[in-house]
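Enquirer: predicted model, plus sequence, below.
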Amino acid sequence: MSRAQLLLSAYAALSAVALVFYGWDKHRARTQGRRVPEVRLHALALLGGFPGAFLGMHVFRHKTRQLRFHVVILLAAVLHVGAWLAAS
């Protein structure tokens, strides 16, 4: 497996985890259960799960009114794309 394939697999895995966490947090918000800390949702996006975080926000209609979530996801995407461009 090449380095690029390994990195893409990591992005896919982190995105899947972020998507699940957004869905779980939305479920817990509706049922008044223990929530996923916002810092964990931000960390997943910043570590590379920003596609899943973005998708989770819109699929579950969760955290869409909070500007800081949009900013963190956009920042994560810009940082990761910039890193890919700088490395190539």
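Expert: Sure thing, it's come through.
Enquirer: got the contact list for stretch 78-88?
Expert: Y11, L46, G48, F50 (CB atoms under 8 Å, 6 or more residues apart in numbering). The way it works is simple: take the backbone N, C-alpha and C, and place the C-beta from them, glycine included.
Enquirer: restricted to helices, list those.
Expert: Counting by DSSP state H, the part of those found in helices is Y11, F50.
Enquirer: need the buried ones from the contacts of stretch 78-88 selected in ChimeraX.
Expert: Here is the ChimeraX selection string for the buried members of those, based on 16 or more other CB atoms under 10 Å:
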select :11,46,48,50
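Enquirer: got a markdown table for the contacts of stretch 78-88, with distance to L74 and pLDDT too?
Expert: Output for the contacts of stretch 78-88, formatted as a markdown table (distance: CB to CB, whole Å; pLDDT from 0 to 100):
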| residue | distance to L74 | pLDDT |
| --- | --- | --- |
| Y11 | 16 | 96 |
| L46 | 11 | 97 |
| G48 | 14 | 96 |
| F50 | 8 | 97 |
